[in-house]
Each structure stands twice: as structure tokens, then as C-alpha cells.
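Participant: I would like to see how this sequence folds:
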Amino acid sequence: MDVQLGRFRAQCERPEPAKFAWPIVLVPDLFTATRHLAVLMGYLATIGWEVYAPDFRVADAGNPGSMQGPFRFADLAAMVREAIDALTRDAIVLGHGAGGLAALAIAAHPRVKAAVAYAPLIPGFRTALGGGIANRFAAWRGKPIKPPTGRQLFEFIADADPYQRDGLIAAMVPASGALMADIAAGTIDFGTPENSAPRLIVAGDSDVFAPRDRTVAFAKSIGAKMAIIPGRGHWLIGGRALERAIGEAQRFLVRALGQDLLLLYPEEWKNDPDPED
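Facilitator: Now for the predicted structure:
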């Protein structure tokens, strides 16, 4: 269903019954929008999560947002904080790609209980995701960059279900070159583990846009837990990687947040002896 989070429209899924005390707020990757998060939202709702996917491209009752043009990483992080404030509840933030970096960067927000990043881009690493001379020139000028094509496009959605790929490609949108440049520059402040909520990075070991060794080093540098999914690439929000990615996130959240996360009474878990699965 459609809801309003402050100035942002959002898609919302509410399970019946809800099993978890806090909702999940989703943040999409470059070139993607809330439509690309539909499978992830649906899966989370079926296992008891309340989920919100704000549309950061359309704000203020339909006026275009600024995720293109000179929109910077700090602007994205500020918009995610704004959406969480509008929710007026504590929440878990889960982002994909560049959205995963935003989730990790706002983990010190007082309403964030935990942050999870699926296949985050790596600060200081010039990924091929924004590749091509034209896109690099556009990023340098702070202009929008076009969605990937050719080999980069194949790698981007390789793990998506084949029957969904045409629709996913058709729904892709330009992204902010300035935001991409900020990530490549490696100047993003992720705070310290002591001042942040628990953080997890889930990555495929075949993600060409965020090589495994760099991802592991990045997780260590910010004090985040790390989970590697063998044989998977960048598209962890659907298809063959989704179940494993959600399983890793759910185990982490139950361990990090404890029984306060669970809404069901202990006797109700007797029929589900492993609530982490």
C-alpha cells in the first residue's frame, strides 16, 4: 500500500501477524527505484517484517526529487534520516549497493536499531557500475549518469530471476554522477563502531562491482559484521541470492538485538524452534 513518510511517498507492507518489534526501511541502489525492491519487500513481509520503501526520487506531493543532477551522498543520507524521523519509530535500515552505504553511514542515528548493507559499493574504489567515458565525464561534471549496458548490465542483474530481467531493465533510471563521485573519492564518514548501531554487510563473492577483498577490508575498517554468499554477484535483492541474503540478515538481527526484537510470546516460538531462519 502507499503511505506518506513526511514529504516522501513510500510503499509499505504490513504482515499479519507481525513478528518483529521494529520495521525495516529499504534504500535502493543506483539506477533502481522502489519497484526494484518489490520482491525483497514481499519476502520480508511473508516472514513477519513490516517494511517501508520510501521513494527518494519523488517528494513534496509529486515534485521530482533531486537524486539526479548534483545530488550528493550526504543528501541521500539526510533523506534516509528524514524518512526515519517521519516514521516516528525506531527502525532497521537495509540498503542495496549505494543504498547499503547510506544505511551504514546513518547507523549512529538515534532511531536506527541496526543497519544492513547488501552488496554495498566500496568507498575509494572506482567501480565499473558507472563505467564508460560518457558517464565518467558526466560524474565529473555532477550530471546524471546512465544505467549500465552490455557486460556491466549483465553483471548487475545476473542473479535476478530470468523472467524478471526485462522488467527490471526497463524500470532503471539515471543516477546522480555527483553521488557516484563521492563514493569513488572515499571521503564518506561512517563514524565509529562505539557510536553506531550494529552493522552487517552481506556480499556475493562474485560481485565485480565490489570485489570480495575490498569488501572484507571495508567491513573491518568500520567494525561491521561480514557475511559472504558463495557464487553470487551484485543482485542480492531477488532471484537466486535472496533467500540466503535475508537469512544472513535475520540471523544477525536476532543475535544483535536479542529478544526485544521479537513480538511473539515464547510459547509461540515452540512451533518455530529456530526464529533466526
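Participant: tell me the contacts of residue 204?
Facilitator: 119, 159, 228-229, 231-234, 236, 241 (CB atoms under 8 Å, 6 or more residues apart in numbering). C-beta: built from backbone N, CA, C; applies to glycine.
Participant: now these as TSV including pLDDT?
Facilitator: Conversion of the contacts of residue 204 to TSV gives the following (pLDDT from 0 to 100):
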residue	pLDDT
119	97
159	94
228	97
229	97
231	94
232	95
233	95
234	96
236	97
241	93
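Participant: Please pick the buried ones from those residues.
Facilitator: Among the contacts of residue 204, those that count as buried by neighbour count (16 or more other CB atoms under 10 Å) are 119, 159, 228-229, 232-234, 236, 241.
Participant: if we can go back for a sec, adding secondary structure and distance to residue 141, write the contacts of residue 204 out as TSV.
Facilitator: Output for the contacts of residue 204, formatted as TSV (DSSP: H, G, I helix; E, B strand; the rest coil; distance: CB to CB, whole Å):
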residue	secondary structure	distance to residue 141
119	coil	27
159	coil	32
228	strand	36
229	strand	36
231	coil	38
232	coil	34
233	coil	30
234	coil	26
236	coil	31
241	helix	35
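Participant: element containing the closest residue to residue 28 other than its chain neighbours?
Facilitator: Nearest non-adjacent residue to residue 28, counting by CB to CB, 6 or more residues apart in numbering: residue 99, 5.0 Å away. According to DSSP states H and E, residue 99 maps onto helix 98-105.
Participant: Tell me how far the next helix or strand after that helix lies from the chain's centre.
Facilitator: Of the helices and strands lying after helix 98-105 in sequence (DSSP H and E), the nearest is strand 112-118. Taking CA atoms, centre = their mean, to the nearest Å, the mean C-alpha location of strand 112-118 is offset from the chain mean by 9 Å.
Participant: Show me how far the helix or strand just after strand 112-118 is from its chain's centre.
Facilitator: As assigned by DSSP H and E, the chain's next helix or strand after strand 112-118 is helix 133-140. The chain centre lies 24 Å from the centre of helix 133-140; the measure is CA atoms, centre = their mean.
Participant: Buried ones in helix 133-140, by neighbour count?
Facilitator: Using 16+ other CB under 10 Å as the test for burial, helix 133-140 gives 135-136, 138-139.
Participant: Throw the residues you listed into a markdown table and include pLDDT and distance to residue 198, thanks.
Facilitator: Below are the buried residues of helix 133-140 laid out as a markdown table (pLDDT from 0 to 100; distance: CB to CB, whole Å):
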| residue | pLDDT | distance to residue 198 |
| --- | --- | --- |
| 135 | 79 | 35 |
| 136 | 75 | 36 |
| 138 | 76 | 37 |
| 139 | 72 | 32 |
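Participant: Please identify which pair of the residues you listed lies farthest apart.
Facilitator: Distance extremes for the buried residues of helix 133-140: the farthest pair is 136 and 138 at 7.3 Å, using CB to CB.
Participant: Which residue, other than its chain neighbours, is closest to residue 26?
Facilitator: Closest residue to residue 26 apart from its sequence neighbours, by CB to CB, 6+ apart: residue 53 at 4.4 Å.
Participant: ok, the one you found to residue 158 distance?
Facilitator: 23 Å (CB to CB, to the nearest Å).
Participant: Pick out the residue nearest the middle of this structure.
Facilitator: Nearest to the mean C-alpha position of the chain, by CA atoms, centre = their mean, lies residue 95 at 1.1 Å.
Participant: Surely that one is in contact with residue 32?
Facilitator: No: judged on CB atoms under 8 Å, residue 95 makes no contact with residue 32 at a distance of 10.9 Å.
Participant: Determine the longest strand present in this structure.
Facilitator: For the chain, the strand with the greatest residue count under DSSP state E is strand 51-59.
Participant: Mean confidence (pLDDT) on it, please.
Facilitator: Average pLDDT, strand 51-59: 83.
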